[in-house]
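**Student:** mind folding the following:
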Amino acid sequence: MLQRESISIFDMLKIGIGPSSSHTLGPWRAAERWISELRKDGLFDAVVTIRANVYGSLSLTGKGHATDYAIILGLLGTDPEIIPIEDINTMVQEVKNTHILIFGGEKKLNFNPDEDIVFHKKFLPFHANGLKFQAVLESGKKISKTYYSIGGGFVVVEERKNAKKKDIAFSTFPYPIENGKELLEACSKASKNISEIVLANERSLRSDQEIDYQIKRVWNTMLECMYTGCHTEGKLPGGLNVKRRAFEMHSKLMGDLPYANPEEWLQSIRQTEVKFRQILQWVSCFALSVNEVNASLGRVVTAPTNGSAGVIPAVLMYYMVIENHAGNFEHIKQFLLVAGEIGSIFKKGATISAAMGGCQAEIGVSSAMAAGALTELLGGTPEQVLMAAEIAMEHHLGLTCDPIGGLVQIPCIERNSMGAIKAINATELALGSDPSEAKVPLDKVVQTMWETAKDMSSKYKETSEGGLAVGVFLSDC
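**Tutor:** Numbers count the residues shown, from 1 in each chain. Sure thing, here's the model as predicted:
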């Protein structure tokens, strides 16, 4: 599964709409990409009808993951990073009610989502998440394009078997890295820590000002997401009637401390009680808050996916409010640089798609990312950083993806809490250990994760055909 890619941290940490990076953000981006390619080929103006065909895991849990919403919004030409959240349902319902879609935000087409978005149970050979767009042109000619949502909002097309493999921008990085071994070698030769190596690579793509701007956008989105989740009560949409828990947890933990915005909120949390039990509760509250927002079509940061979006912000908040009250933007930047790099190693060597690898590919990877990042912030060596990432993943190996009702709610939301706690514990284990005595290197656990993913039954790969998804009846929820 190895890919020689220069993956930016901003590829691993994308801003998007919930509930799923592979089933929501990916199809949304695929629709945008199709429109862009039609325009490039001079075909956009000639389109008279369109249809979307959804396959495999993307189909089996598509309705619960709002895949149909994502396709409609993508075909409308909206951007998930900036669309007002409050407009989403209104825009989708208008298309459903009128059967009219403003294609690419410009061209009025007849479009009935119930008939023109077709969910097929069969799987396409290339990837479990297949999506084919079809169009009929004014001339009567039929055209189509197939995309694959491979996790984390990444969208690809299938390469021809005899196509020449390319090193995608690999030569642009001063420190081209495919795996943990190469990352440690780069750190050793340059006498730099991991975040410094990653920052040097990012500088080959954009200026320091652009890097800082993008990192601030990512962090502000995370902070706003946690703030929103902690201040929103009620039940989540989708039919399971899952109660939002972050609101009550936050209210009990926060007490009467005053604040008026997310930044003041962060400062106020630093004044709260920090006994061991409260630490566990705060970390869980942060993680739950994010994924409750995600489950309600809110804006989150894929880290590396939407289903695992709560782990990294929860662990970063743990550092900011528990470990270091003087934590600032430079610490946030350092954390996200390391987290992004570890995530890219898993993407290159295995997968970050639950449809390909089960939940080990989402919560497991996010926990590894958070553990490694926290370890460097707490003074760990590059070797200890990778050790922490390995420990976190080792104890997520084989984790299935079996969402009840095809919704990113049960067990997905709680798993973010567990992934965050495991990440913190993995950090402490690594910081108290001698990496030279470690028996399992990070690259070996990445390889093992991929082998486990290939051995795992498709029932446990985001299809809702096994595990809790069939063991718990919807009527019981």
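**Student:** hey, let's count contacts and neighbours off CA atoms from now on
**Tutor:** Noted.
**Student:** residues in contact with stretch 214-229?
**Tutor:** Contacts to stretch 214-229, defined as Cα atoms under 8 Å, 6 or more residues apart in numbering, come from residues 10, 13-15, 246-247, 262, 265, 286-290, 292-293, 298-301, 313, 329, 332-333, 336.
**Student:** can you pull the contacts of the residue in the chain sticking out farthest from the centre?
**Tutor:** Largest separation from the mean C-alpha position in the chain: Ser139, at 40.7 Å (Cα atoms, centre = their mean). For Ser139, the contact set (Cα under 8 Å, 6+ apart) comprises Ala46.
**Student:** which of the three states applies to it?
**Tutor:** coil (DSSP: H, G, I helix; E, B strand; the rest coil).
**Student:** contacts for stretch 306-315 next, please.
**Tutor:** Outside stretch 306-315, the residues within contact range by Cα under 8 Å, 6+ apart are 18-21, 152, 222-223, 283-284, 286-291, 294, 300-303, 362-363, 366-367, 369-370, 374, 408, 412-413, 415-417, 419-421, 423-424.
**Student:** per-residue confidence averaged over the helix or strand containing Asn416?
**Tutor:** For Asn416, the host element (DSSP states H and E) is helix 412-431. Mean pLDDT, helix 412-431: 98.
**Student:** next, count neighbours for Val54.
**Tutor:** Under the neighbour criterion other Cα atoms under 10 Å, Val54 is assigned a count of 29.
**Student:** ranges for the strands of the protein?
**Tutor:** For the chain, applying DSSP state E gives strands covering 14-17, 47-56, 100-103, 107-110, 117-119, 129-137, 142-151, 154-156, 299-302.
**Student:** check which residues of the third one are buried.
**Tutor:** By neighbour count, and taking 16 or more other Cα atoms under 10 Å as the criterion, the buried residues in strand 100-103 are 101-103.
**Student:** go through the residues you listed and say which is closest to Cys187.
**Tutor:** Of all the buried residues of strand 100-103, Cys187 sits closest to Phe103, with 48.6 Å by Cα to Cα.
**Student:** pretty sure the closest one contacts Leu75?
**Tutor:** Yes: between Phe103 and Leu75 there is a contact under Cα atoms under 8 Å: 5.6 Å.
**Student:** just the CA coordinates of the helix holding Asn416, formatted as PDB?
**Tutor:** Extracted in PDB, the C-alpha atoms of helix 412-431 (Å, rounded to 0.1, in the frame of the first residue of the first chain):
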ATOM      1  CA  CYS A 412     -18.000   6.100  17.400                       C
ATOM      2  CA  ILE A 413     -18.500   9.100  19.700                       C
ATOM      3  CA  GLU A 414     -17.300   7.300  22.800                       C
ATOM      4  CA  ARG A 415     -14.400   5.800  21.000                       C
ATOM      5  CA  ASN A 416     -12.900   9.200  20.600                       C
ATOM      6  CA  SER A 417     -12.800   9.600  24.400                       C
ATOM      7  CA  MET A 418     -11.100   6.200  24.700                       C
ATOM      8  CA  GLY A 419      -8.600   7.000  22.000                       C
ATOM      9  CA  ALA A 420      -7.700  10.300  23.700                       C
ATOM     10  CA  ILE A 421      -7.100   8.600  27.100                       C
ATOM     11  CA  LYS A 422      -5.100   5.900  25.500                       C
ATOM     12  CA  ALA A 423      -2.900   8.500  23.700                       C
ATOM     13  CA  ILE A 424      -2.100  10.200  27.000                       C
ATOM     14  CA  ASN A 425      -1.300   6.900  28.700                       C
ATOM     15  CA  ALA A 426       0.900   5.900  25.700                       C
ATOM     16  CA  THR A 427       2.800   9.100  26.100                       C
ATOM     17  CA  GLU A 428       3.500   8.400  29.700                       C
ATOM     18  CA  LEU A 429       4.700   4.900  29.000                       C
ATOM     19  CA  ALA A 430       7.000   6.100  26.200                       C
ATOM     20  CA  LEU A 431       8.400   9.000  28.300                       C
END
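**Student:** need the nearest residue in space to Gly466, chain neighbours excluded.
**Tutor:** Once flanking residues are discounted, Gly466 sits nearest to Lys459: 4.8 Å by Cα to Cα, 6 or more residues apart in numbering.
**Student:** ok, the one you found touching Leu468?
**Tutor:** No: counting by Cα under 8 Å, Leu468 is not a contact partner of Lys459; they are 10.6 Å apart.
**Student:** now the common contact residues for those two.
**Tutor:** Counting by Cα under 8 Å, 6+ apart, the residues touching both Lys459 and Leu468 are Asp402.
**Student:** how about the helices in the stretch 151-300 of the chain?
**Tutor:** All helices of the stretch 151-300 of the chain, identified by DSSP state H, counting those that start in this stretch, fall at 180-190, 194-203, 208-230, 246-254, 262-269, 276-295.
**Student:** cool, and the stretch 351-477 of the chain?
**Tutor:** Along the stretch 351-477 of the chain, counting by DSSP H, counting those that start in this stretch, helices occupy 354-357, 363-377, 382-394, 412-431, 442-455, 468-471.
**Student:** contacting residues around Val157?
**Tutor:** Shown in contact with Val157 (Cα under 8 Å, 6+ apart): 146-148.
**Student:** er, Val118 I mean
**Tutor:** The contact partners of Val118, taken as Cα under 8 Å, 6+ apart, are 51-54.
**Student:** same check, this time on Glu394
**Tutor:** Taking Cα under 8 Å, 6+ apart as the test, what Glu394 contacts is Val445.
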